[in-house]
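Engineer: For reference, the sequence and a predicted model appear below.
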Amino acid sequence: MPLLLGIETSCDETAAAVVRDGWQVLGQRVASQVDLHRRFGGVIPELASRSHLEVLFPLLEDTLAEARVALPDLDALAVTVTPGLVGCLLVGLSAAKGLSLATGLPLVPVNHVHAHIHGALMPWMAERGARGEATEPPWPLASLVVSGGHTSLYASTGPTAHRLIARTRDDAAGEAYDKVAALLGLPYPGGPAIDRLAQEGDPRAFRFPRSRLEPGGLDFSFSGLKTAVLYAARGPNAPRTTWRAPRAGTAESAEDRARRVTLLPGVRAADLAASFQAAVVDVLVGRLLEAAGCLSARGLVICGGVAANSALRARARAEAEARGLPLFMPPVALATDNAVMIAGLGDRLLREGRTAGLLLDVTARAD
């Protein structure tokens, strides 16, 4: 049973995990940078890279201590190499290369997006594996990866076989959440804030667009939805951008943000949030079900940071149950970036002999 250390530094979470046999988590740590980037309303790549440099090795030490293993006990090092912010990816890869050079452990390059899909399957695999049952999911699966940087549909035909069939043409769904949250004076990251506020609103108060770029097409587009929310909130002559970072050394409270937000008379922020979220969920679940029909899929996967959204989870469960399809989603705590999924997928790649040497490099984009 292979024992892998996973390293994840693709964006604004520094993460490490030790996983045995592809599903048994022995130890894991995540250091979030949300507080670092909140004052800017989004991730600043250079700050993210420097933060990874500061915390990665202490995090690795804590993870190994929790797992009660030492580096010589490991069989391989799994590390995210694509997609992501190049500077951030290089921090994780450079650390993995150093450990590989010092120990002789093989490097396993991992696609971060494919790892999200695997991470959604791991709780199911762990439950069955603990009972001594087969842990292979019912392929093929229709997989939706939805986060701040990705909104994509995949045909998943095996543990390491994921074919891209649709993607967003503009904003990712999570990015749209962040921008609408800023419009409403809500804190960053916008997903959790809108999810909470939407529970106080009427999702039928506004009929926002559910964009489809071509008849029968599965690609996503959320830029028009953002504009529709802006006009509903402030009128057609509203400025497109009103958010600005506070001065260095200062912090802006939720009350300060709310005072800067002016909505049209009679318009409630909770109704805007609920109606926006309803439109996003309709599109995400609808396209996933269409993809499943095209693929004759035997199950559905929803993963990525937006998979933590309560409305998306509830709607997906209802639709999957109505169709008799198993639905695979990560627990909310592991919906965002983590190294459990990196080590888990790394196990499968290692078994297939897909390792790399010290000339391994990172790439910002990948299918």
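Structural biologist: Perfect, thanks for sending it. Residues are numbered from 1 along each chain as shown.
Engineer: the helices in this structure, which residues?
Structural biologist: Secondary structure of the chain (DSSP state H): helices at 34-37, 45-67, 86-103, 112-130, 173-183, 190-198, 223-234, 254-260, 269-295, 310-323, 340-351.
Engineer: Please point out which parts of the first one sit buried.
Structural biologist: In terms of neighbour count (16 or more other Cβ atoms under 10 Å), helix 34-37 has its buried residues at His37. Quick note: C-beta positions are derived from backbone N, CA and C, even for glycine.
Engineer: Please apply the same query to stretch 277-289.
Structural biologist: For stretch 277-289, the neighbour count (16+ other Cβ under 10 Å) marks 277-281, 283-285, 287-289 as buried.
Engineer: Also stretch 127-138?
Structural biologist: 129, 135, 137.
Engineer: who are the neighbours in contact with the first one?
Structural biologist: Right, the one you point to is Gly129. When contacts are counted by Cβ atoms under 8 Å, 6 or more residues apart in numbering, Gly129 touches 21, 23-24, 135.
Engineer: avg pLDDT for stretch 208-221?
Structural biologist: Throughout stretch 208-221, pLDDT has a mean value of 93.
Engineer: if we can go back for a sec, present the buried residues of stretch 127-138 as TSV; the columns should include pLDDT and distance to Arg212.
Structural biologist: Formatted as TSV, the buried residues of stretch 127-138 follow (pLDDT from 0 to 100; distance: Cβ to Cβ, whole Å):
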residue	pLDDT	distance to Arg212
Gly129	89	40
Thr135	88	37
Pro137	94	29
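Engineer: thinking again about what came up before, make a markdown table out of the helices of the chain and add distance to Ile165.
Structural biologist: Formatted as a markdown table, the helices of the chain follow (distance: least, Cβ to Cβ, whole Å):
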| stretch | distance to Ile165 |
| --- | --- |
| helix 34-37 | 32 |
| helix 45-67 | 29 |
| helix 86-103 | 25 |
| helix 112-130 | 13 |
| helix 173-183 | 17 |
| helix 190-198 | 24 |
| helix 223-234 | 21 |
| helix 254-260 | 39 |
| helix 269-295 | 6 |
| helix 310-323 | 18 |
| helix 340-351 | 20 |
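Engineer: Where among those helices is average confidence lowest?
Structural biologist: The minimum mean pLDDT among the helices of the chain belongs to helix 254-260 (a mean of 49).
Engineer: Skip the chain neighbours and tell me the closest residue to the most centrally placed residue in the chain.
Structural biologist: Nearest to the mean C-alpha position of the chain, by Cα atoms, centre = their mean, lies Gly304 at 2.7 Å. Distances taken as Cβ to Cβ, 6 or more residues apart in numbering place Ser147 nearest to Gly304, at 3.6 Å, with adjacent residues excluded.
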